[in-house]
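J.: Quick check, what structure comes out for this input:
(2 chains)
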Amino acid sequence: MLKILKYSFYDLIRSRWSYVYFLFYLALGFVLLFLNNDVSKAVITLMNVIIVLVPLIGTIFGVMYYYNSREFTELLLAQPIKRSSIFLGQYFGVSGSLTLSLVLGLGIPFVLYGLLRSNAIFDFTLLLVTGAFLTFIFVGLSFVIAISNENKIKGFGYAVLLWLFLAVVYDGLFLMSLIMFEEYPLDTFSLVATALNPIDLSRILILLKLDISALLGYTGAIFKKFFGTDLGFVISLTILLLWTILPILGLQYKAKRKDF
Amino acid sequence: MRLDVQHIKYILGFAFLMGFQIGSANTWTVCGTCENTSIKKTIDRAAPHDTLLIEKGTYKEFEILVEKPLVIKGIGYPIVDGEKKGEIFRVTSDNVTLDGLFVINVGVSYTKDNAAIRIVQSKNFSIQNMVLEQLFFGIYLEKSSHGKVYHNRIIGDAVDEYNSGNGIQLWYSSDVEVRKNHVQGTRDGIYLEFSDRITITDNVSMDNLRYGLHFMFSNNDVYSNNTFENNGAGVAVMFSKFITMKNNTFRKNWGTAAYGMLLKEINDAEIVGNTFEENTIGINIEGSNRINYTNNDFIGNGWAIRVVGACYTNSFKGNNFLYNSFDISYNSKLNDNVFEGNFWSSYTGYDLDKDGFGDVPYRPVKLFSYVVNRTPETIVLLRSLFMDIIDFSERVSPVFTPDNLKDAQPLMKIRP
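T.: Residues are numbered from 1 along each chain as shown, chains lettered A, B, ... in the order given. Sure thing, here's the model as predicted:
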């Protein structure tokens, strides 16, 4: 598995798209800091970018890589290598290289602008960790989709739809249901619904640090316990980890049963 | 020559006065090994205008009644221990000075408001450099006026509201100066009821159970340069007129009913140069009219300003709104308040004619804040892409928010 991981990783590191992705984040970081000149403000803006763009790019990259390297995968399958290690190797290769681009692309400008001396370093680290989690989750989901669909167009379509659903539509439905059932106690429901969407979950995780004063404005014992203590932080991180493991298990399951 | 004569006259007069003073006033020393070992008994013996010097030691006394003008001064912070039996100092005479005592263990009562120091119907009192600990009520001014509460440290250990008292309480008092005090861990840090013309300056009020500062039915008061931090519900100003609030700092008042400042039924006030930082709600306004909010800084609050209702002819000018989750929340479609020349960190307009004001008006009320007002649980959707899209469309064509609630001249640069 490690050999395949290494191969995929180096292959991607040398590819054009990785550089584009890296340069995009580098430019974004510099522009944000140049316009704001305030690290903590830039972190807030960056949050919006991370919870929307990182999943999108992860999804598209994952699907693209899977379909492009299909012939190579078939070649590998003919060798005496475990199936799971082939797919997991590719998966970790893709998500690893994307995460590296993200961390370096955003990290370099922020370090240059004096992040290490500012007190936003914790928020920023949290932002990068969440970004990494989202990359792993969405590359995993896109791999599962790609492996279940022979048709490239269909696979792409499903993957983009999945992103659109989780990033926008889900929140719309969530909001509608909250307003429709506003007569009922909703705090448990809203926290569970948040946990069921990795994008919402990462958003809450970052908000716990950035907008805690607003989040505490709502009267409710469960909210207060969740947002007011470290409990919320620990629980969200745990569920995010679960969200990462789930697609990997799905990938293994699919890979084992797929007939090439 | 004539000048010299006058000089001499003054000097003679002054010397005469001094001599009179020294001649009539005695100084009594109280200590564990002196002739006088009890504060109470020495007060009985002393004549008006005498001075009592309390030396270092512990004095287990309570209900000490001061009914003649005296100066009671501690040397090296002597401890006056009330042993939780009741009130400790009760002053009923004019011209009393209490200075430099360490007063502890006030008796908690459910029927009487026991205080460490109670001033009753007196004038020209002065309470300074006192340290009060383990208290019920701290300094209680009752129908007193023209006094000074200066540089005291009041440290309570209040846990529940029903069995704790206020740090400094003014009841039917007027013309009092409250300066440089530090109040912490009481129910209300400083509480004013029916008290007019009070000046509250340079105080620190923190970690109190309820309000850091609480006004009720008190008019023409000024508070400035105070710091209110981490109080249960911030600062409440209620049912009062002509209050001036200047250069205060309100920080970290977090919670479901916590406000930097709560205004209820306040008319004709001036709120100038204050800083509201990281509060759940910076200012909560209800039924308050003709208030000028000028040059305040709102930094990183959940809601910078929340208007609950019935607020007319207020003006918000030259304030900085920086990185608040919501700048302004509003619950009606009618707006009679003026927003002008403020700096909004989330303003995205441009300034083509370079006059320092944005060319596009800024609408500080987000649709999302309406949604949150209606269904509070939706706060978990804060900063989501979906909400941003909805807010954007509302901003382009307002449907729910008052059409004229906007800053037509938003500042392009932050007000220094």
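
J.: need the contact list for the one residue in the stretch 51-200 of chain A that gets nearest to chain B.
T.: Per CB to the nearest CB, A:D171 is where the stretch 51-200 of chain A lies closest to chain B, at 3.6 Å. C-beta: built from backbone N, CA, C; applies to glycine. A:D171 makes contact with A:N197, A:D200, B:L381, B:S384, B:L385, B:F386, B:M387 under the criterion CB atoms under 8 Å, 6 or more residues apart in numbering or on different chains.

J.: Hmm, A:I204 and the fourth one touching each other?
T.: Same thing as B:S384. No - look at B:S384 against A:I204 with CB atoms under 8 Å: they stay out of range, at 9.7 Å.

J.: of those two, who's got more company?
T.: When B:S384 and A:I204 are compared for neighbours, B:S384 comes out ahead with 29 against 26, by other CB atoms under 10 Å in any protein chain shown.

J.: residues from the stretch 51-200 of chain A in reach of chain B?
T.: A:51-52, A:167-168, A:171-172, A:174-175, A:178-179, A:182, A:186-187, A:189-191, A:194, A:200 (CB under 8 Å from any CB of the partner chain).

J.: now the residues you listed: which count as buried?
T.: Using 16 or more other CB atoms under 10 Å in any protein chain shown as the burial test, those include A:51-52, A:167-168, A:171-172, A:174-175, A:178, A:186-187, A:190-191, A:194, A:200 as buried.

J.: now, which of those sits nearest B:I198?
T.: A:D187 (42.2 Å; CB to CB).

J.: Could you pull up phi and psi at the closest one?
T.: phi -70, psi -40 (degrees, to the nearest 10).

J.: Repeat that for the one 10 residues further on.
T.: Geometry field for A:N197 lists phi and psi as phi -120, psi 120, criterion degrees, to the nearest 10.

J.: right, and it touches A:F165 too?
T.: No - applying CB under 8 Å as the test, A:N197 and A:F165 come out as separate, 9.0 Å apart.

J.: Those two - which one has more neighbours?
T.: Between A:N197 and A:F165, A:N197 has the larger neighbour count (other CB under 10 Å), namely 19 against 15.

J.: How about the contacts made by that one?
T.: A:L166, A:Y170, A:D171, A:F174.

J.: Report the central residue of chain A.
T.: A:L134 (1.1 Å; CA atoms, centre = their mean).

J.: Who are the packing partners of the helix or strand where that residue lies?
T.: Counting by DSSP states H and E, the element that carries A:L134 is helix A:121-148. Packed against helix A:121-148 by the contact rule (3 or more CB pairs under 8 Å, 6 or more residues apart in numbering or on different chains; DSSP states H and E) you find helix A:39-68, helix A:83-112, helix A:152-164, helix A:198-210, helix A:231-257.

J.: Mind putting these into JSON lines with distance to B:R179 and mean pLDDT?
T.: Listed next are the helices and strands packed on helix A:121-148 as JSON lines, based on distance: least, CB to CB, whole Å; pLDDT from 0 to 100:
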{"stretch": "helix A:39-68", "distance to B:R179": "35", "mean pLDDT": "86"}
{"stretch": "helix A:83-112", "distance to B:R179": "45", "mean pLDDT": "89"}
{"stretch": "helix A:152-164", "distance to B:R179": "61", "mean pLDDT": "94"}
{"stretch": "helix A:198-210", "distance to B:R179": "37", "mean pLDDT": "86"}
{"stretch": "helix A:231-257", "distance to B:R179": "42", "mean pLDDT": "90"}
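
J.: Go through stretch A:114-132 and flag the buried ones.
T.: The neighbour-count check on stretch A:114-132 (16+ other CB under 10 Å) flags A:L115, A:A120, A:D123, A:F124, A:L126, A:L127, A:L128, A:V129, A:T130, A:G131, A:A132 as buried.

J.: list the helices and strands the helix or strand containing B:F276 packs on?
T.: Following DSSP H and E, one finds B:F276 within strand B:275-277. On a contact count with 3+ CB pairs under 8 Å, 6+ apart, strand B:275-277 meets strand B:249-251, strand B:297-299.

J.: Does chain A have contacts with the first one?
T.: Looking back up the chat, that one is strand B:249-251. No - using CB under 8 Å from any CB, strand B:249-251 never reaches chain A; the gap is at least 10.7 Å.

J.: how far is the helix or strand following that strand from where the chain is centred?
T.: Using DSSP H and E, the helix or strand that directly follows strand B:249-251 along the chain is strand B:259-267. Chain-centre distance of strand B:259-267: 13 Å, with CA atoms, centre = their mean, to the nearest Å.

J.: Equivalent analysis for stretch B:69-84, please.
T.: On CA atoms, centre = their mean, the centre of stretch B:69-84 falls 26 Å from the chain's centre.

J.: Out of the contacts of A:D171, give me the two with the largest separation.
T.: A:N197 and B:M387 (14.1 Å).

J.: which parts of chain B sit against chain A?
T.: Contact residues (CB under 8 Å from any CB) of chain B with chain A: B:254-258, B:278-281, B:300-303, B:323, B:325-326, B:345, B:371, B:374-389.

J.: Next step: these restricted to strands.
T.: B:I281, B:W303, B:F326 (DSSP state E).

J.: Which one (most neighbours) among those?
T.: Result: B:I281 is most packed of those (other CB under 10 Å), 29 neighbours.

J.: circling back to that earlier point, adjacent strands (with direction) for the strand holding B:F276?
T.: strand B:249-251 (parallel), strand B:297-299 (parallel) (DSSP bridges).

J.: Now chain A against chain B: closest residue?
T.: For chain A, the residue closest to chain B is A:A214, as judged by CB to the nearest CB, at 3.1 Å.

J.: Tell me the spacing between that residue and A:L208.
T.: 11 Å (CB to CB, to the nearest Å).

J.: And for A:V169?
T.: Between A:V169 and A:L208 the distance, using CB to CB, works out to 24 Å.

J.: the more surrounded of the two?
T.: Taking neighbours as other CB under 10 Å, A:V169 and A:L208 compare with A:L208 leading, 18 against 12.

J.: Would you confirm that the more buried one contacts A:V234?
T.: No - between A:L208 and A:V234 there is no contact under CB under 8 Å: 10.6 Å.
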